[in-house]
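J.: Please find the sequence and the predicted model below.
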Amino acid sequence: MSAPQSSQLAPTSTTRARLKALLGDKRRLVVALGASSMLSGFTEAGILAIVAQIATDLVKRAKHVPLDIGPIHTRATVGQLLLVALALTLMRLMLQAPISILPSRIASQVQAGLRRNLFHAFTRSSWEVQSNDREGHLQETMTSQVIQATAGALQATTLVTALFTFVVLMISALLLNVLAATVVLTAAVLLFAMTSPSVVSTCRLAWRNVR
């Protein structure tokens, strides 16, 4: 392979190029999944904040309590907070429908599209190309390889859901209590770094060199 050809083929091996090949024509579904994940994250953050406030109010036996959630400053009763929490819970349950349906729809469309394109490419190719194909190669590509690509699409949708939900929860935590959210985030990053396989192997190698 010459150098120009290798430079032209190199971008196809990147993660971004692979995701574009799998989900490039599913942008609307991916955007809808991201928006549903964001709304679900906001409702979950609201439920957690209100439940914590209700628990504090019940311990103090307070009837009217100040409600400070980020830029929102108001007063409400425990009954009103319970109604708000119930409404957010119902909204959270409703948002589970698109979060559960969209990844399956994206994966099924990816699988059907890959198999359709492979079959069309094989049947429209010349007889010389078809005869040179190894026995069982087309079947292997349309089954095992396509299933692996479908699993990759499902993992990509899981990444989208988890990423948007995490970002929303972190923003909500910072709005509620900057100090506590910073401490928790720092601890989580440190734990992840300490338990990462690459970091652990590097520390073991350094310890062996020191000994």
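T.: Great, that's in hand.
J.: which residue ranges form the strands in this structure?
T.: 64-69, 72-77 (DSSP state E).
J.: In terms of mean pLDDT, which of those strands ranks lowest?
T.: Of all the strands of the chain, the minimum mean pLDDT falls on strand 64-69 (a mean of 66).
J.: quick one: least confident helix or strand in the protein?
T.: Sorted by mean pLDDT, DSSP states H and E, the helices and strands of the chain end with helix 3-9, the least confident at a mean of 42.
J.: How many residues are close by the nearest residue to V78 once chain neighbours are set aside?
T.: The shortest distance from V78 to any non-neighbouring residue, by CB to CB, 6 or more residues apart in numbering, is to D57 (5.3 Å). All C-beta spots, glycine's among them, are computed from the backbone N, C-alpha and C. Neighbours of D57 under the rule other CB atoms under 10 Å: 18.
J.: One more: A52?
T.: If you count neighbours by other CB under 10 Å, A52 ends up with 11.
J.: Starting from A151, give me the distance back to it.
T.: Going from A52 to A151 by CB to CB, to the nearest Å gives 38 Å.
J.: L81 is in contact with I50, isn't it?
T.: Yes. Look at L81 against I50 with CB atoms under 8 Å: they come within range, at 5.4 Å.
J.: The two: which is more packed in?
T.: For L81 versus I50, the count of surrounding residues by other CB under 10 Å is larger for I50: 22 against 18.
J.: for the more buried one, what are its contacts?
T.: L81, V84, A85, L88 (CB atoms under 8 Å, 6 or more residues apart in numbering).
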